[in-house]
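Peer 1: A structural model of the following input is requested.
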Amino acid sequence: MSRKAVLAMKLEYARKRLIRVRRLSLIAAFMAFFLMTVEPTYASGTLQFYVTVPNEAATTEPVPTTEEPVDTTPSELELDAVKNVDASTMALLSLAVRQVELAREPHGAKLVAKAIIASDYQWSETQFGCLNKLWTKESHWNYKARNKSSGAHGIAQALPATKMEIVGTDWRTNPVTQISWGLKYINERYETPCKAWSKFKRSRWY
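Peer 2: As a prediction, the model looks like this:
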């Protein structure tokens, strides 16, 4: 087999390893994020948490057999790529944690909603004005808000509250999950916040 073919196989093998490392890093980051955002109010008993990390030797695909021995020792380029993946993961985690902390207060929740709108929906400032009126009426942008009679919960007052699980199972404690779900719901059902606000003014629900 030519050296060019061997090199191509080595690069493909390295790519798969990096994908696996990145996947494990993301899983670990999200687990850490989940544990940091769970509030004692919702904890009962002793929380036991188990993480099973696959054995690298057992899960790694075997290196293709060639006429020439293939050196599987990570190169400096591969190691740098792993470092970059870890750095990117930690940066994303840090940003997510800052967003959650910011959104725990009404003013911060509005800023997070504006950022998500600018990124995913491109609604106008007028549309945000309607959203502000709607969610101020529903919850005053309080992620702990709960309607005792209906069970509606959170900033967007999802009913039933478990609807928000399509975005994240941490909907009880994570205001960013609530905001993301609420914007998705409005977009899919009403297209814009102003149409949702009009519906609320007519029916007292949306």
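
Peer 1: From now on I want contacts and neighbour counts done on CA atoms only, so please keep to that.
Peer 2: OK.

Peer 1: Please pull out the lowest mean pLDDT helix or strand from this protein.
Peer 2: Least confident helix or strand, the chain: helix 56-59 with a mean of 44, by mean pLDDT, DSSP states H and E.

Peer 1: Could you pull up phi and psi at the closest residue to Lys133 other than its chain neighbours?
Peer 2: Residue nearest to Lys133 in three dimensions, not counting chain neighbours: Trp197, with 7.5 Å by C-alpha to C-alpha, 6 or more residues apart in numbering. Recorded main-chain torsions at Trp197 are phi -70, psi -40, according to degrees, to the nearest 10.

Peer 1: now swap in Arg146 and tell me
Peer 2: The phi and psi values for Arg146, taken as degrees, to the nearest 10, are phi -150, psi 130.

Peer 1: so it makes contact with Ala152?
Peer 2: Yes: using C-alpha atoms under 8 Å, Arg146 makes contact with Ala152 at a distance of 5.7 Å.

Peer 1: Need the mean per-residue confidence for whichever strand or helix holds Lys184.
Peer 2: In the assignment (DSSP states H and E), Lys184 maps to helix 175-189. Mean per-residue pLDDT for helix 175-189: 98.

Peer 1: Residues contacting it, please?
Peer 2: Residues outside helix 175-189 that contact it (C-alpha atoms under 8 Å, 6 or more residues apart in numbering): 99-100, 103-104, 109, 112-113, 116-117, 143, 154-156, 158, 164, 166-168, 170-171, 192-193, 196.

Peer 1: Buried ones among those?
Peer 2: Among the contacts of helix 175-189, the ones that count as buried by 16 or more other C-alpha atoms under 10 Å are 99-100, 103-104, 109, 112-113, 116-117, 143, 154-156, 158, 164, 167-168, 170-171, 192-193, 196.
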